[in-house]
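J.: Quick one: sequence plus predicted model below, questions after.
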There are 2 protein chains.
Amino acid sequence: MSDAWLEEVAWDGAGLVPAIAQEAGTGKVLMLAWMNRDALAETVRTGRAVYWSRSRQKLWRKGEESGHVQRVREVRLDCDGDVLLLEVEQVGGLACHTGRARCFFRRLDGSLWAEVEAVIKDPREIYKPKP
Amino acid sequence: MSDAWLEEVAWDGAGLVPAIAQEAGTGKVLMLAWMNRDALAETVRTGRAVYWSRSRQKLWRKGEESGHVQRVREVRLDCDGDVLLLEVEQVGGLACHTGRARCFFRRLDGSLWAEVEAVIKDPREIYKPKP
């Protein structure tokens, strides 16, 4: 398969673009992470969301530790070619490492960020130390 | 009003964070643009989306030329504090400068980006030259 489609993405100076994950069905925006060419290619090839971890500087196969993988139904590109939008099924119903359904759990109320989404599962239960 | 809430945003090295605009009601992700402190402060103060144009290096009051302003209902911040999510009402029903409802109009079909959203209004009609 030609990878010309990968070249149509306007990768930034670091070879990355932001990728928004939106939940199929509910339409909730779950999270935003980053992708490089390899992450996007593997995402499309496997049907599971793979990001580039800027902090760890390596491919981040979402759910590899937690089991909370994202099955990717659709990939979209914006007008400038520099943002991706994924439609995903969030396995386990938890996208956020804090144990919440989604990463956008703080809402601006006046001049305060209020936490408006419950912790569904204790992160210590999600990321158990290897035996 | 204290602006401590502005300091809770994890601005990047260029003083920016990505801001996703999602349409109220439909849940459609319309676009992603960037904000700096001034853009976010003005957005919250006025209730209209203001971004930072990286290409023009100035504040971009969305809709200032087209009339297609975004009324902001809600602002959210993610777990890492480095991504904003806006719930907006898109005046005119057109978020994209190409005359489409949203910027994410290309969908990956096999190895091709297919255009899957119609042009609703000719951009030459949206951005008329000043008389």
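T.: The structure has been received and is ready for your questions.
J.: residues near the residue nearest to A:Lys121 when sequence neighbours are not counted, how many?
T.: Nearest non-adjacent residue to A:Lys121, counting by CB to CB, 6 or more residues apart in numbering or on different chains: A:Gly99, 4.4 Å away. Quick note: C-beta positions are derived from backbone N, CA and C, even for glycine. By other CB atoms under 10 Å in any protein chain shown, 17 other residues sit near A:Gly99.
J.: same question, A:Val69
T.: Other residues near A:Val69 come to 20 when the count uses other CB under 10 Å.
J.: re the thing from before, need the phi and psi values for the residue nearest to A:Lys121.
T.: phi 90, psi 10 (degrees, to the nearest 10).
J.: Return the residues in contact with it.
T.: A:119-123, A:125-126 (CB atoms under 8 Å, 6 or more residues apart in numbering or on different chains).
J.: same deal with A:Pro18?
T.: Contacts of A:Pro18 by CB under 8 Å, 6+ apart are A:32-35, A:82-84, B:18, B:32.
J.: pretty sure it is in a strand, no?
T.: Yes. Counting by DSSP: H, G, I helix; E, B strand; the rest coil, A:Pro18 is located in a strand.
J.: what's the nearest residue to the residue in chain A that chain B sits nearest to if we skip its chain neighbours?
T.: Among the residues of chain A, A:Gly27 lies nearest to chain B; the distance is 3.1 Å by CB to the nearest CB. Leaving out its chain neighbours, the residue that sits closest to A:Gly27 by CB to CB, 6+ apart is B:Gly27, at 3.1 Å.
J.: Same question for A:Asp12.
T.: A:Asp82 (6.9 Å).
J.: about what we covered before: so of the contacts of A:Gly99, which ones are in helices?
T.: Secondary structure from DSSP state H places A:123, A:125-126 of the contacts of A:Gly99 in helices.
J.: Filter those residues down to the buried ones, PyMOL style.
T.: In PyMOL syntax, the buried subset of the ones in helices among the contacts of A:Gly99 is picked out as below (16 or more other CB atoms under 10 Å in any protein chain shown):
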select buried, chain A and resi 126
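J.: How about the residues of chain A by chain B?
T.: A:1-5, A:8, A:18, A:20, A:22, A:26-29, A:31-32, A:44, A:74-80, A:83, A:85, A:96-98, A:100, A:103-108, A:110-113 (CB under 8 Å from any CB of the partner chain).
J.: Need the residues that contact the lengthiest helix in chain A.
T.: Using DSSP H, we find that the single longest helix of chain A is helix A:37-46. Defining contact as CB under 8 Å, 6+ apart, one finds that helix A:37-46 is touched by A:3, A:6, A:9, A:11, A:15, A:19, A:35, A:49-52, A:59-61, A:72, A:75, A:84, A:86, B:108.
J.: wait, isn't A:Ser2 in contact with B:Ser111?
T.: Yes. Counting by CB atoms under 8 Å, A:Ser2 does reach B:Ser111; the two are 5.6 Å apart.
J.: Between the two, which is the more surrounded one?
T.: B:Ser111 (12 against 9).
J.: pLDDT score assigned to the nearest residue to A:Leu84 once chain neighbours are set aside?
T.: Excluding the flanking residues, the one nearest A:Leu84 by CB to CB, 6+ apart is A:Ala19, at 4.1 Å. Here, the pLDDT recorded for A:Ala19 equals 98.
J.: So what pairs up with A:Ala19 in the strands?
T.: A:Ala33, A:Leu84 (DSSP bridges).
J.: That one touches A:Leu32, doesn't it?
T.: Yes. With contact defined as CB under 8 Å, A:Ala19 counts as touching A:Leu32 (6.9 Å).
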